[in-house]
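Participant: below is the sequence, then the predicted model.
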Amino acid sequence: MTKLTDLKTFDVAEHLDNPQVIAEYLSLALDDDDPAFINVALSDVARAKGMTEVAKQSGITREALYRALTHDAKPRFDTIQKVFKALGVKLVAVS
């Protein structure tokens, strides 16, 4: 019998390994209408891509990026835009 403590903790960032999967994951987060989930999803993708690289590409310090992408943070929209751009993901409005 496997013990619960022997199980590996699931980390979604380990599975965000191609642009299509990343786009689908972020689309689901945006569809959920939960700002906390959007922050966490962006954090997951940033970790998958490399937080240091995303920070560099976005012009946001690594520490500030970690703080902005916590579930209880309320980042400014320009911060979210910078992160999406650094991740190579385009925000698009559809009806």
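Facilitator: In hand now; what should we look at?
Participant: residues touching stretch 37-46, excluding its own?
Facilitator: 12-13, 16, 22, 25-26, 28-30, 32, 54, 65-66, 68-71, 73, 75, 80, 83-84, 86-87, 89 (Cβ atoms under 8 Å, 6 or more residues apart in numbering). C-beta: built from backbone N, CA, C; applies to glycine.
Participant: quick check: mean pLDDT across that stretch?
Facilitator: If you average the pLDDT over stretch 37-46, you get 97.
Participant: and it, which residues are buried?
Facilitator: Within stretch 37-46, the residues that count as buried by 16 or more other Cβ atoms under 10 Å are I38, N39, V40, A41, L42, S43, D44, V45, A46.
Participant: pull the distance from the helix or strand hosting the first one to the chain's centre.
Facilitator: Secondary structure here is read from DSSP states H and E; on that basis I38 sits in helix 35-49. In this view, helix 35-49 has its centroid 2 Å away from the chain centroid, taken as Cα atoms, centre = their mean, to the nearest Å.
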